[in-house]
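>>> Quick one, structure for this:
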Amino acid sequence: MYLLKLSLRPWRMALWSQLFSSLAVGVLLLLVAFLFWMQQGLKTLITQMREEQVMTVYLDPSLDRESEEKLMGSVQALIGSDAPLEIQLMSAPRFIDRLKQTYPDLAREVEELSQDAPQIIPRYITISGILPHFAVEKIKELRGVESVESSKDRYHHIVGAFSVLRWIARVLIAGICFALITGLIHLSRMNAYLHGDALALLKLWGAGTQTLTYPGMISGALVGLIGGVLAASGWVTLGAWLSTHIRSISTLLSGMPHFAAHLAVLLLLLGLFVGALAGLFGTLFAPQLRGEKSI
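Model prediction:
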């Protein structure tokens, strides 16, 4: 009970310092949560853009229907059926039906060229999904394939930019965490001076190092807990709006994850842990525990 009262001494003697420190902890933890959410979302987008692609396989105009079906079977066997894929054969009638939805006048003119339609309307196979890296070269070698186009390198520059953003987010997270722990350690050292006379007296009575660290740990944990509560409240309040706003900026960012409510609990626990850890280190290096005289 005495140790608990002793740990609350900084809150009685320097209340505003403890409150502003708790506010700073809350803001920094909230920034860490946002950066962590962003870099995890960018990781998902990078994986999708690297692995998912759309392939267009143009067929030889001289192929008959039976040869088209055999070629479709060869393409499916080459790619495999493990990955979720969407394979469609775009024949002349289907091509005209799709053209009617957007350009009805042009579709009507193409239909009038019934004799030359096989030469004018391209026949191709569209494949979308996660494809193996060798798919393009292997499909080009199939008999009846005229050419192959792929969107594999379409997002190459975007993937590079997103990868850089992920590294920047990681560096910022590490820097914020370092600044947070450093600031809390300095706060704990200041609190240790406020505990100084009581810690010196307890040491004379034979108290061990572990017992002497309890007031600083409890005081630091209280600062971290209040900061964690502020960060969790901020994330619950702003997280959903922020994630929705970012996902609506661009179609590329629409694949970012939705608001993660469990991060609020993690922020609360992280604030408590960081505060207690900083209180431990700040007290361990206090002059009273090292046998030095405070100035």
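>>> Burial check on Leu267, number of neighbours?
If you count neighbours by other CB atoms under 10 Å, Leu267 ends up with 26. Yep, even glycine has a C-beta here, placed from its N, CA and C like the rest.
>>> Sketch out the low-pLDDT regions of the stretch 1-150 of the chain for me.
Scanning the stretch 1-150 of the chain for pLDDT under 70 picks out the ranges 1-9, 80-85, 92, 113-120.
>>> Can you show me the helices along it?
For the stretch 1-150 of the chain, helices defined by DSSP state H, counting those that start in this stretch occupy the ranges 2-7, 9-13, 15-51, 65-79, 92-102, 104-112, 117-120, 135-140.
>>> Just say which of these is most tucked in.
Counting by mean count of other CB atoms under 10 Å, helix 15-51 has the highest mean neighbour count of those, with a mean of 18.
>>> Which elements pack onto that helix?
Judged by 3 or more CB pairs under 8 Å, 6 or more residues apart in numbering; DSSP states H and E, the packing partners of helix 15-51 are helix 9-13, helix 156-194, helix 209-247, helix 262-284.
>>> Would you mind putting those into CSV with distance to Glu149 alongside?
Shown next, in CSV, are these (distance: least, CB to CB, whole Å):
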stretch, distance to Glu149
helix 9-13, 68
helix 156-194, 15
helix 209-247, 30
helix 262-284, 41
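>>> Indicate which one of the helices of the stretch 1-150 of the chain is closest to Leu165.
helix 15-51 (5.9 Å; CB to CB).
>>> hmm, back to that, quick one, which of the helices of the stretch 1-150 of the chain is nearest to Ile181?
When these are compared (using CB to CB), the closest one is helix 15-51, at 10.2 Å.
>>> follow-up on the earlier one: can you add distance to Lys152 and give the helices of the stretch 1-150 of the chain back as a markdown table?
Below are the helices of the stretch 1-150 of the chain laid out as a markdown table (distance: least, CB to CB, whole Å):
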| stretch | distance to Lys152 |
| --- | --- |
| helix 2-7 | 60 |
| helix 9-13 | 60 |
| helix 15-51 | 9 |
| helix 65-79 | 14 |
| helix 92-102 | 24 |
| helix 104-112 | 30 |
| helix 117-120 | 29 |
| helix 135-140 | 7 |
